[in-house]
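Asks: Model the structure of this input:
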Amino acid sequence: MSEPTYLLDTSALLTLIEDEAGAARVEELLREQRVTIPWTCLLEVTSITRQERGVAEAERRYALLKSLPITLVWHMEEATLLAAARLRATHRISLADAVIAAYALRTGTTLVHKDPEYEALAGEIQLEALPYKNP
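Replies: Residues are numbered from 1 along each chain as shown. Okay, here's the model as predicted:
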């Protein structure tokens, strides 16, 4: 079995769940590619949903994410931690985005996202941007 080739960011997962522009691409990746999601994305989806839509919806979304045909990454190795620290310090991105990007960097996967903050990393990691939300 080959290694995952795509890593979904929190914004890509929310795009799928909320059926936003780009949801079809996320569905396609889940059907046709090996996809990974780090624990950080589960944390973010669950906490954001809990704040915005309540506990029941947060639990439903958490269960949905765990049922997807993906590889969940539950641990963080020292090398990934150090990569995240470097990315965060160098590019001044959020802690969660630095951790997610570090997983993509260390595994050589393409980071699928809908977050303009990642564009600062274009020279360091492979990115696939979904359609950004209009302000």
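
Asks: what stretches of the protein score poorly on pLDDT?
Replies: 1-4, 134-135 (pLDDT under 70).

Asks: Would you map the strands across it?
Replies: Counting by DSSP state E, the chain has strands at residues 6-8, 35-38, 71-73, 110-113, 126-129.

Asks: Looking at those strands, which one is packed in the most?
Replies: Among the strands of the chain, the stretch with the highest mean neighbour count (mean count of other CB atoms under 10 Å) is strand 6-8, at a mean of 27. (Each C-beta comes from the backbone N, C-alpha and C, glycine too.)

Asks: Mind giving me the packing neighbours of it?
Replies: helix 23-32, strand 35-38, helix 95-107, strand 110-113 (3 or more CB pairs under 8 Å, 6 or more residues apart in numbering; DSSP states H and E).

Asks: So for residue 52, which of these sits nearest?
Replies: With CB to CB as the criterion, residue 52 lies closest to helix 95-107 of the helices and strands packed on strand 6-8, at 16.4 Å.

Asks: Which strands and helices lie in contact with the closest one?
Replies: Helices and strands touching helix 95-107, by 3+ CB pairs under 8 Å, 6+ apart, are strand 6-8, strand 35-38, helix 39-53, helix 78-91, strand 110-113.

Asks: Distance from the chain centre to it, please.
Replies: 9 Å (CA atoms, centre = their mean, to the nearest Å).

Asks: Can you give me the neighbour number for the nearest residue to residue 42 once chain neighbours are set aside?
Replies: The shortest distance from residue 42 to any non-neighbouring residue, by CB to CB, 6 or more residues apart in numbering, is to residue 65 (5.9 Å). A total of 19 residues lie near residue 65 under the criterion other CB atoms under 10 Å.

Asks: next one: residue 41
Replies: Residue 41: 26 neighbours (other CB under 10 Å).

Asks: Quick check: it touching residue 100?
Replies: Yes - contact criterion CB atoms under 8 Å: residue 41 and residue 100 qualify, at 6.5 Å.

Asks: Could you tell me which residues touch both of the two?
Replies: 9, 10 (CB atoms under 8 Å, 6 or more residues apart in numbering).
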